[in-house]
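A.B. asks: I'd like to go over a predicted model; first the sequence, then the structure.
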Amino acid sequence: MKKLSTSNLKLGIIAGGQLGKMLIQEASKWDIETYVMDGDENCPARHIASHYVKGSYLDFDDVYNFGKLVDVLTFEIESVNVAALKKLQSQGIQISPDPQILELIQDKGLQKQFYEKNAIPTSPFRLYESAQAIQTDIENGTINFPFVQKLRKGGYDGRGVAVINNREDLSKLLPGASLVEEKVEIVKEISVIIARNASGEMKCYPLVEMVFDPAANLVDKLICPASIYTEQTEEALNLAKKIIETLNMEGLLAIEFFIDSRGKVIVNEMAPRTHNSGHHTIESVITSQFEQQLRAVLNLPLGSTHLKLPSVMVNILGEKGYEGPPIYEGLAESMAIEGVKIHLYGKKVTRPYRKIGHATILASSLENALKKAQQVKQLIRVKSWEKK
Ligand SMILES: Nc1ncnc2c1ncn2[C@@H]1O[C@H](COP(=O)(O)OP(=O)(O)OP(=O)(O)O)[C@@H](O)[C@H]1O
Ligand SMILES: [Mg+2]
């Protein structure tokens, strides 16, 4: 285990998106030299990392050669070449979280099998090799409508998920290896971020309620604390602890849950990294999720996850109809509202619904924070001179 006890600790981060950028911002408070690898020379983290390396996350040689440059390697995305990570690990480079955990989580089929094997509540599922095999099972009555199909690999932000309510929706079936699961009658979607270090210390963040925008299929608002029953909170926290301990994981794990119409807490999916639902922690919690990830992977004592003030987070998305260098409208007006904190990721191109930044709104009551969040959503527009 590499420690933060010298001035030449080299931390590698695979992918230089906004999560990588925010991780580097925290690392820069300490004496850590940061290396970031991303295929996009204009990625958000490029200019704040100590070193930038151009490379593809799924390419064995790129990941392997990058890993050789650092002492500790972590990631902000799931799509990383696991074989390269395993080889680096066998050569003494610390990979955190462990590549085996990444391998399990990269494949939603293996993830579901993990929940089933460990008696973790999740919606019942079946694995399929192709869309054709799903059609066959519909014909023979093994699958009933409605159901949800998910590609085993490569999905994100709802891409790779098809909700099939009836026969007319069958044209939405996705090609490739997938799983089919029962459609849950979702009342709320919540997220829990839990950290664990090599000493086995664990800390959970307060639960976050995720409210989705049906048009963009992206998170519209994130509310902390989540308004759910105490028993549901306890159930989600216990499940989070059970999952991270069963995985024997060092690092940060974000777990998405559904609360169904009977009030049951069901695991949807997990990500072994910092998460969109933890952005508010930068301002609203004593230790941000990014600092916590550093503490967890460096086996330092975990920081307090005490919520200082209720918070709402809204994504700042590219406006429909524009594609090109971003122009931000309404920033100053939003910043004039007390408790509004703006983050712009520095993306060079805006596209409809692309995540360009986020705003965290803090207030003494959740009700107030929600009102201010609504104002911010109406004020901020990301456009471009170039129309689509
Ligand atoms: N079994 C289900 N029943 C009902 N709705 C579902 C089910 N599974 C997923 N959904 C809906 O689809 C959304 C996306 O699913 P999921 O989180 O598995 O995909 P994803 O592409 O990995 O998402 P993201 O990257 O946004 O977290 C969920 O947040 C939920 O709203
Ligand atoms: Mg999800």
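C.D. replies: Received the coordinates, thanks. Numbering: from 1, shown residues only. Ligands and ions are numbered 1, 2, ... in the order given.

A.B. asks: Only C-alpha atoms from now on, for both contacts and neighbour counts.
C.D. replies: Will do.

A.B. asks: what's the spacing between Asp62 and ligand 1?
C.D. replies: 25 Å (Cα to the nearest ligand atom, to the nearest Å).

A.B. asks: following the helix or strand hosting that residue, which helix or strand shows up next?
C.D. replies: Element membership of Asp62, judged by DSSP states H and E, is helix 60-67. Scanning forward in sequence from helix 60-67 by DSSP H and E, the next helix or strand is strand 72-75.

A.B. asks: What residues sit buried inside the following helix or strand past that next one?
C.D. replies: Moving toward the C-terminus from strand 72-75, the next helix or strand (DSSP H and E) is helix 82-90. Using 16 or more other Cα atoms under 10 Å as the test for burial, helix 82-90 gives Val82, Ala83, Ala84, Leu85, Lys86, Leu88, Gln89.

A.B. asks: circling back: buried residues, the helix holding Asp62. List them.
C.D. replies: Across helix 60-67, burial judged by 16+ other Cα under 10 Å covers Phe60, Asp62, Val63, Tyr64, Phe66, Gly67.

A.B. asks: which of the residues you listed lies closest to ligand 1?
C.D. replies: For the buried residues of helix 60-67, the residue nearest ligand 1 by Cα to the nearest ligand atom is Val63; the value is 22.8 Å.

A.B. asks: who does the helix holding Asp62 touch, helix- and strand-wise?
C.D. replies: Judged by 3 or more Cα pairs under 8 Å, 6 or more residues apart in numbering; DSSP states H and E, the packing partners of helix 60-67 are helix 82-90.

A.B. asks: distance between the helix holding Asp62 and the chain's centre?
C.D. replies: 23 Å (Cα atoms, centre = their mean, to the nearest Å).

A.B. asks: and Met37, how many neighbours does it have?
C.D. replies: When counting by other Cα atoms under 10 Å, one arrives at 29 neighbours for Met37.

A.B. asks: Would you mind listing what in the stretch 51-200 of the chain touches ligand 1?
C.D. replies: Val148, Gly155, Tyr156, Asp157, Gly158, Arg159, Gly160, Val161, Glu181, Glu182, Lys183, Val184 (Cα under 6 Å from any ligand atom).

A.B. asks: Check the gap between the third one and Val82 for me.
C.D. replies: Okay, so that is Tyr156. 18 Å (Cα to Cα, to the nearest Å).

A.B. asks: ditto for the second one
C.D. replies: Applying Cα to Cα, one obtains 17 Å for the distance of Gly155 from Val82.

A.B. asks: got the CA coordinates for the helix holding Asp62 in PDB?
C.D. replies: Extracted in PDB, the C-alpha atoms of helix 60-67 (Å, rounded to 0.1, in the frame of the first residue of the first chain):
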ATOM      1  CA  PHE A  60      -4.300  -3.100 -23.600                       C
ATOM      2  CA  ASP A  61      -1.000  -1.300 -24.500                       C
ATOM      3  CA  ASP A  62      -2.200   2.200 -23.800                       C
ATOM      4  CA  VAL A  63      -3.500   1.200 -20.300                       C
ATOM      5  CA  TYR A  64      -0.400  -0.900 -19.500                       C
ATOM      6  CA  ASN A  65       2.100   1.700 -20.600                       C
ATOM      7  CA  PHE A  66       0.200   4.400 -18.700                       C
ATOM      8  CA  GLY A  67       0.100   2.300 -15.500                       C
END
